[in-house]
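Student: this one's structure only:
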């Protein structure tokens, strides 16, 4: 009997020691759970940081070191899929805390992904606040095409890009030709916005006009009349030639060269004058026309003149009148006096 009670008394201290050890273990596990819970709530991003904190293993191999780290150790590498990143000897409370931390990490990753995408969405929103530069260029090109409709030949346009892409968006763009600019060759076209935030941009453009023009088929000396055989047609960009280059043969034939025109050079209207139709002192027919009637007489012109030029004539009665020289198909010349 004494042996039985003596053995029980001997084992009692060991039981109390084991109980105290279990209580301490439980307290440590609970304390660790509270710390990790607070960490996951305040700084969820730190739960996956590779910091060598006591009781936390950040190395994948540490999942096999539960006995070394103690029963409350938590492994958070997440690299071992088999163990799920949690040591096998961790208490249930610690496992629940680790699962909460893992979920917080996943939510944090989602937030990071959203943060990465948000600058793009913000950039698109900011970009919509500025005027599309291609729309500005198209507006200028459309304006130039409308303005060059009446030019001779085939017109081709090239409009450069806008120099700024930070202009506020505009609902109504207004193109215009700046003062001094021309619809010919290298030029400038403006586009402005008259909205709440007005602005003006200038774009460089190139207007090319391909058409037929005429060059001298021979050397034409001053005072020589120009006939059909003196002309040779060419095709080219008129914007690269003198502005006065002649494009209508009918306006050249019958004129007289004022200066020498070298063979092969373009014939310019400023190098031509109309042929003299009347000489000074020449007697001409003076005509006045009205509705249903005509009055005519004769007189002498006081100066030489070409067809279409104004001239003064002294009639037989000694009256001085002014009129315009007219030539007929048969070569006749008369001076028409307005009533």
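Tutor: Done, it's in. From a predicted model like this one, the values you see are computed outputs, not experimental measurements.
Student: the helices in the chain, which residues?
Tutor: Using DSSP state H, the helices found in the chain span residues 2-42, 66-69, 92-127, 133-147.
Student: pLDDT weak spots in the stretch 101-250 of the chain?
Tutor: Along the stretch 101-250 of the chain, the model assigns pLDDT under 70 to residues 101-128.
Student: And this protein, what are its domain boundaries?
Tutor: As assigned by the TED database, the chain contains the domains 133-209, 210-274, 277-337.
Student: Now mean neighbour count too, for those, in TSV please.
Tutor: Yep, even glycine has a C-beta here, placed from its N, CA and C like the rest. Shown next, in TSV, are the domains of the chain (neighbours: other Cβ atoms under 10 Å):
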stretch	mean neighbour count
domain 133-209	15
domain 210-274	16
domain 277-337	14
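Student: Setting aside sequence neighbours, what's the nearest residue to residue 178?
Tutor: Counting by Cβ to Cβ, 6 or more residues apart in numbering, residue 190 is the residue found nearest to residue 178 once chain neighbours are left out, at 5.2 Å.
Student: Next, the contact list for that neighbour, please.
Tutor: 140, 175-178, 200-203 (Cβ atoms under 8 Å, 6 or more residues apart in numbering).
Student: Quick check: bridge partners of it?
Tutor: residue 176, residue 202 (DSSP bridges).
Student: Can you give me the distance of it to residue 148?
Tutor: Per Cβ to Cβ, to the nearest Å, residue 190 is found 16 Å from residue 148.
Student: Equivalent analysis for residue 225, please.
Tutor: The gap separating residue 225 from residue 148 is 35 Å, by Cβ to Cβ.
Student: Hmm, residue 129 is touching residue 168, no?
Tutor: Yes. Taking contacts as Cβ atoms under 8 Å, residue 129 lies within contact range of residue 168: 6.8 Å.
Student: measure stretch 209-223 end to end?
Tutor: Distance between the two ends of stretch 209-223: 32 Å, counting by Cα to Cα, to the nearest Å.
Student: Need the contact partners of it.
Tutor: 148, 151-156, 184, 226, 229-239, 241, 245-247, 249, 252, 256-267.
Student: if we can go back for a sec, of the contacts of residue 190, closest to residue 280?
Tutor: If you rank the contacts of residue 190 by distance to residue 280 using Cβ to Cβ, residue 177 comes first, at 46.4 Å.
Student: unless I'm mixing things up, that closest one is touching residue 183, no?
Tutor: Yes. Counting by Cβ under 8 Å, residue 183 is a contact partner of residue 177 at 7.2 Å.
Student: Quickly list what's touching both of these two.
Tutor: residue 147.
Student: ok, the closest residue to residue 145 other than its chain neighbours to residue 194 distance?
Tutor: Residue nearest to residue 145 in three dimensions, not counting chain neighbours: residue 157, with 6.3 Å by Cβ to Cβ, 6+ apart. To residue 194, residue 157 is 25 Å away according to Cβ to Cβ.
Student: Equivalent analysis for residue 149, please.
Tutor: Remark: distance between residue 149 and residue 194 (Cβ to Cβ) = 26 Å.
Student: same question, residue 158
Tutor: According to Cβ to Cβ, residue 158 and residue 194 sit 27 Å apart.
Student: Hmm, residue 135 and residue 161 touching each other?
Tutor: No. Contact criterion Cβ under 8 Å: residue 161 and residue 135 do not qualify, at 11.5 Å.
Student: sorry, back to before: so which of the contacts of residue 190 would you say is closest to residue 320?
Tutor: Nearest to residue 320 among those is residue 177, at 47.2 Å by Cβ to Cβ.
Student: for the closest one, what are its contacts?
Tutor: By Cβ under 8 Å, 6+ apart, the contact list for residue 177 reads 147, 183, 187, 189-190.
Student: could you dump these to CSV with distance to residue 286?
Tutor: Output for the contacts of residue 177, formatted as CSV (distance: Cβ to Cβ, whole Å):
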residue, distance to residue 286
147, 45
183, 44
187, 49
189, 52
190, 54
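Student: Would you mind checking which of the residues you listed is nearest to residue 316?
Tutor: Of all the contacts of residue 177, residue 183 has the smallest distance to residue 316: 52.8 Å, by Cβ to Cβ.
Student: list the contacts for the closest one?
Tutor: 144, 147-148, 151, 177, 207.
Student: Closest one of those residues to residue 272?
Tutor: Distance to residue 272 across the contacts of residue 183 (Cβ to Cβ) is lowest for residue 151, with 21.6 Å.
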